[in-house]
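Enquirer: Kindly return the folded structure for what I paste below:
(2 chains)
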There are 2 protein chains.
Amino acid sequence: MTRKYNFCAGPAALPEAVLLKAQAEMTDWQGRGLSVMEMSHRSEEFVGIAEKAEQDLRDLLNIPSNYKVLFMQGGASSQFAMVPLNLLGQGGRPNYLKTGVWAKKAIAEASRYADTHIAGNCEARNFTSVPAQSEIVLSDDAAYLHFTSNETIGGLQFDYLPESGSIPLVCDMSSDILSRPLDVTDYGVIYAGAQKNIGPAGLTLVIIRDDLLDQAMDVIPSMMSYRIMADNDSMYNTPPTYAWYLSGLVFDWLKNDVGGLEKMAEINARKAAKLYAAIDNSHFYGNPIAVANRSQMNVPFTLADDALDKVFLQEAEQNGLLNLAGHRSVGGMRASIYNAVPEAAVDALIAFMGDFEQRHG
Amino acid sequence: MTRKYNFCAGPAALPEAVLLKAQAEMTDWQGRGLSVMEMSHRSEEFVGIAEKAEQDLRDLLNIPSNYKVLFMQGGASSQFAMVPLNLLGQGGRPNYLKTGVWAKKAIAEASRYADTHIAGNCEARNFTSVPAQSEIVLSDDAAYLHFTSNETIGGLQFDYLPESGSIPLVCDMSSDILSRPLDVTDYGVIYAGAQKNIGPAGLTLVIIRDDLLDQAMDVIPSMMSYRIMADNDSMYNTPPTYAWYLSGLVFDWLKNDVGGLEKMAEINARKAAKLYAAIDNSHFYGNPIAVANRSQMNVPFTLADDALDKVFLQEAEQNGLLNLAGHRSVGGMRASIYNAVPEAAVDALIAFMGDFEQRHG
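Expert: So this is what the prediction gives:
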């Protein structure tokens, strides 16, 4: 086995310890004679796995008991519909902060169900810094304020919590959940696709304050109803059991191997700081994002000469540094340095970048 | 490793060869230095995995080019909404055959979007035989006729293809797809949750004739749109990549290890025949379903004295025969003998049943 360093934006690297554990128990989980994949979701064994995963997540994020944790399917893109479908049954306008590609997708889907209000927008400055609190203006009839805590493609991350008064905050936290501690009580709804910091693609986490469970629109499909999912412990139908199990292994790793989210945040801050320093200290690499809003998870950067992009990617791969191409919509480079990307990977990338600059800069 | 015989109705047994292959390449797929779980869904590697899976499925089922194959999320329960949402945009009444628990769920969800017509119903005979063709009466304005080819809980399976003239047939084939050959051109839409004969929970297959892609209702969430999924090769957002990969391994196993669906059907017929014979040849075990409609996949049976149910299940488990309890809604026993349950498992179950009857009967 020669594992390489994987900077993919998602599906992303998983902790090696998690993969090794999953591998060891793939065909026979704890001597029961079957794989986790082959268990009834209602079996004692799987319910135990599921409950431990939820409890570890609750411990990591300190989730209060008036918040439900839902293990759903469909990714953040399904949440783009589920949020308005679940929250607009009593009217009101959905308010959004427009911060990049993912916020725009959320807005487009919500606009299919209601007249959305853009409460803050940094498009005029090409999404290089988030809307400041002073720039945010909610509509009078706001039902909720939605924002994207980290724009995976743009590499733009909120450095503060938007204030919305009594209006529930809804956050797409797909690409930075579990990267640092947070206060769940600041939010009405948090959702996140699993395939960055949680587990494999195919699972979506929703954390929702229980007073928001009963505001659904009539046209909502039952499988999209937070209320139905909450009442059935996310087992209204067969959940994605293996993805749930793997996410549980990741939560366990975060809690016990890493030592919790404060420790994880320290490591992440160190990884990001040294990578941005390497970019800033060179005349060859660049990143356009305002320093305060630079993503600690997704670090896009450009070369002084984009004719070298292809060579950079090829040589990086030859050096065991995988998936550094920027998103197909923007080009350039992007290093995603999620929780499971070890500091050694960032060090190796920085060393390679220095060497590449010397030879080509 | 001591693998046991697993008769779970779903998530169900997977072929041991598939699990071993997945285990071997868990941390490093074909020397690329990363797990399939960690690959971008748009990488050359994963697109290759995805396309091979689709091609193998097309080969197995002989799917013509005017049918799209979609790899979706959310299980059959999401399809219960997606079918009306995708097919009723031009009006018409959804027609359903009522054959048991799963048909009823499909009907209940469709009834949230339209006035459903029950075109055939075997509830009066307690779902012990399917509606005969002569009992099926479509409404004048039928948009489609939906049926459940195999009722997983009741153990009731269609032994003929319902005739619907020019009205598209829509089939929930979750628990018997790939168990035997079929003619895809008989259907407008076939869907199936993966966790019985396809792969792990979290993936749902949809096979749809392409002239049916443009009949969606306005309120459909984008992620539920067959058209959007078809136009994006099921990668409108991040698909459940690992479940897709595992399903591909199952398709490969079916094609190359088993030798195709005719061979699989032979084995399945033999497994079911000997298990029903064991039931029929005893005065201790019983199955209420009409012989022609007995499911080849899910074999429910009762003991002469249901006070012995618990002992039966305990002793079965001690003998390495897992998950024989009937569905919580009906009790009794149920042996699910999907493709991946080897004939030796059925033989072992029959031997145990005989022994149990001798000691307790």
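Enquirer: mind listing the helices in chain A by residue range?
Expert: A:16-24, A:44-61, A:75-87, A:101-110, A:226-231, A:241-252, A:261-280, A:309-318, A:343-360 (DSSP state H).
Enquirer: Kindly reformat the ones you listed as a markdown table containing mean neighbour count and distance to B:S174.
Expert: Just so you know, the C-beta spots here come from the backbone N, C-alpha and C atoms, and that holds for glycine as well. As requested, those are exported to a markdown table (neighbours: other Cβ atoms under 10 Å in any protein chain shown; distance: least, Cβ to Cβ, whole Å):
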| stretch | mean neighbour count | distance to B:S174 |
| --- | --- | --- |
| helix A:16-24 | 18 | 26 |
| helix A:44-61 | 18 | 19 |
| helix A:75-87 | 26 | 20 |
| helix A:101-110 | 20 | 28 |
| helix A:226-231 | 20 | 20 |
| helix A:241-252 | 25 | 16 |
| helix A:261-280 | 17 | 39 |
| helix A:309-318 | 15 | 41 |
| helix A:343-360 | 16 | 41 |
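Enquirer: contacting residues for A:N287?
Expert: A:N287 sits next to A:G155, A:Y276, A:I279, A:D280, A:R294, A:V299, A:P300, A:F301, A:T302 when contact means Cβ atoms under 8 Å, 6 or more residues apart in numbering or on different chains.
Enquirer: can we see that at 7 Å?
Expert: A:Y276, A:I279, A:R294, A:V299, A:P300, A:F301 (Cβ atoms under 7 Å, 6 or more residues apart in numbering or on different chains).
Enquirer: Reformat those into JSON lines and put pLDDT and distance to chain B next to each item.
Expert: Output for the contacts of A:N287, formatted as JSON lines (pLDDT from 0 to 100; distance: Cβ to the nearest Cβ, whole Å):
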{"residue": "A:Y276", "pLDDT": "98", "distance to chain B": "23"}
{"residue": "A:I279", "pLDDT": "97", "distance to chain B": "23"}
{"residue": "A:R294", "pLDDT": "98", "distance to chain B": "23"}
{"residue": "A:V299", "pLDDT": "98", "distance to chain B": "17"}
{"residue": "A:P300", "pLDDT": "97", "distance to chain B": "16"}
{"residue": "A:F301", "pLDDT": "97", "distance to chain B": "18"}
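Enquirer: what about A:D211, distance to chain B?
Expert: Separation of A:D211 from chain B (Cβ to the nearest Cβ, to the nearest Å): 24 Å.
Enquirer: Kindly reformat the contacts of A:N287 as TSV and extend each row with distance to A:A243.
Expert: Converted to TSV, these look like this (distance: Cβ to Cβ, whole Å):
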residue	distance to A:A243
A:Y276	32
A:I279	34
A:R294	30
A:V299	27
A:P300	28
A:F301	31
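Enquirer: OK, contacts around the nearest residue to A:V101 once chain neighbours are set aside?
Expert: In space, and not counting its chain neighbours, A:V101 is closest to A:I153: 4.6 Å by Cβ to Cβ, 6 or more residues apart in numbering or on different chains. A:I153 makes contact with A:G100, A:V101, A:H327, A:S329, A:V330 under the criterion Cβ under 7 Å, 6+ apart.
Enquirer: And the pLDDT for A:M1?
Expert: pLDDT, A:M1: 53.
Enquirer: How about A:I49?
Expert: Reading off the model, A:I49 has pLDDT 98.
Enquirer: any idea how far the residue nearest to A:A143 when sequence neighbours are not counted lies from chain B?
Expert: Distance criterion Cβ to Cβ, 6+ apart; nearest residue to A:A143, sequence neighbours excluded, is A:G92 at 3.0 Å. In this view, A:G92 and chain B are 18 Å apart by Cβ to the nearest Cβ.
Enquirer: what residues are up against A:G92?
Expert: Counted by Cβ under 7 Å, 6+ apart, A:G92 has contacts A:D141, A:A142, A:A143.
Enquirer: Can you tell me which of those residues are classed as buried?
Expert: Taking 16 or more other Cβ atoms under 10 Å in any protein chain shown as the criterion, what is buried in the contacts of A:G92 is A:A142, A:A143.
Enquirer: give the contact list for A:R58.
Expert: A:V69.
Enquirer: Which pLDDT does the model give it?
Expert: Predicted confidence (pLDDT) for A:R58: 98.
Enquirer: before we move on, what about the one 5 residues further on?
Expert: Confidence at A:I63, expressed as pLDDT, is 98.
Enquirer: wait, doesn't it sit right on A:I207?
Expert: Yes: judged on Cβ atoms under 7 Å, A:I63 makes contact with A:I207 at a distance of 6.3 Å.
Enquirer: okay, and the common contacts of these two?
Expert: If you check A:I63 and A:I207 against Cβ under 7 Å, 6+ apart, the residues they both contact are A:V69, A:V184.
Enquirer: Which one's more surrounded, the two?
Expert: Neighbour count, other Cβ atoms under 10 Å in any protein chain shown: between A:I63 and A:I207, A:I207 has more, with 22 against 18.
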